[in-house]
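S.K.: Could you look at this predicted model? Sequence included:
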Amino acid sequence: KAGVTQTPRYLIKTRGQQVTLSCSPISGHRSVSWYQQTPGQGLQFLFEYFSETQRNKGNFPGRFSGRQFSNSRSEMNVSTLELGDSALYLCASSSDGTYYGYTFGSGTRLTVV
Amino acid sequence: SQQGEEDPQALSIQEGENATMNCSYKTSINNLQWYRQNSGRGLVHLILIRSNEREKHSGRLRVTLDTSKKSSSLLITASRAADTASYFCATNAGGTSYGKLTFGQGTILTVHP
């Protein structure tokens, strides 16, 4: 079956702009989580959606937001970009979001200049 | 914040040797998972071990879990050059920790042909 698809793969944005990243989970998976990976902070949890509802949120400012559609596809949005938002953003899908393993996408590499 | 630490931070071995990586965590867990990441790409799920399990095998992988010491180890037997990657442990606390994996800082494994 198809894996987790993230688009775009690479993105360059200017400080102050906003960006939207997309994630299509594995068919049948209703849980989608987002993570930020940076050399300094490692992998950090952003938020999780299940059946269009945000069930959990990490410690990120309100500039980071997300949503999930009825087909389980998810988007995350970062507004008013800062240089420190440069990172690899990873999406992961799971059948339930808790008790089983996650399948990760290849990520979106965001560079803020 | 990271759940715990991985040890060693980097490991260099020859093909055919075994590689052992250790992970410690701080809070109670429902399960612990190991992931592999090649060159800043997406994470690949390797194995999941639940808190009531002590050991699990998958192919050349062996994972142990000691909940009394809050630690886990990943053993890769008969390493191959293709095993060169970063390896991360991640914990899920269960309950309402929907979608939230807490990652260690990772071990960089280099397997020389």
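M.R.: All right, it came through fine.
S.K.: what's the closest non-adjacent residue to the residue of chain B found nearest chain A?
M.R.: Closest to chain A within chain B is B:Gly99: 2.5 Å, counting by CB to the nearest CB. For every residue, glycine as well, the C-beta is placed using N, CA and C. When the adjacent residues along the chain are set aside, B:Gly99 lies closest to A:Glu48, with 2.5 Å between them (CB to CB, 6 or more residues apart in numbering or on different chains).
S.K.: Around the one you found, count how many other residues there are.
M.R.: Other residues lying near A:Glu48 total 27 when counted by other CB atoms under 10 Å in any protein chain shown.
S.K.: helix, strand or coil for it?
M.R.: On the three-state scheme (DSSP: H, G, I helix; E, B strand; the rest coil), A:Glu48 is labelled strand.
S.K.: can you tell me how far it sits from A:Arg30?
M.R.: Per CB to CB, to the nearest Å, A:Glu48 is found 11 Å from A:Arg30.
S.K.: which SS state does A:Gly84 fall under?
M.R.: helix.
S.K.: what residues are up against it?
M.R.: Residues near A:Gly84 by CB atoms under 8 Å, 6 or more residues apart in numbering or on different chains: A:Val112.
S.K.: where's it relative to chain B, distance?
M.R.: Separation of A:Gly84 from chain B (CB to the nearest CB, to the nearest Å): 16 Å.
S.K.: Quick check: the residue of chain A nearest chain B.
M.R.: A:Glu48 (2.5 Å).
S.K.: Can you check the pLDDT for that residue?
M.R.: pLDDT for A:Glu48: 95.
S.K.: That one: what's it in contact with?
M.R.: A:31-34, A:54-57, A:97, B:98-100.
S.K.: Mind checking which of the residues you listed land in strands?
M.R.: A:31-34, A:54-57 (DSSP state E).
S.K.: export these to CSV and tack on pLDDT?
M.R.: Shown next, in CSV, are these (pLDDT from 0 to 100):
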residue, pLDDT
A:Ser31, 93
A:Val32, 96
A:Ser33, 96
A:Trp34, 97
A:Gln54, 95
A:Arg55, 93
A:Asn56, 93
A:Lys57, 95
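S.K.: Show the buried residues in these.
M.R.: A:31-34, A:55-57 (16 or more other CB atoms under 10 Å in any protein chain shown).
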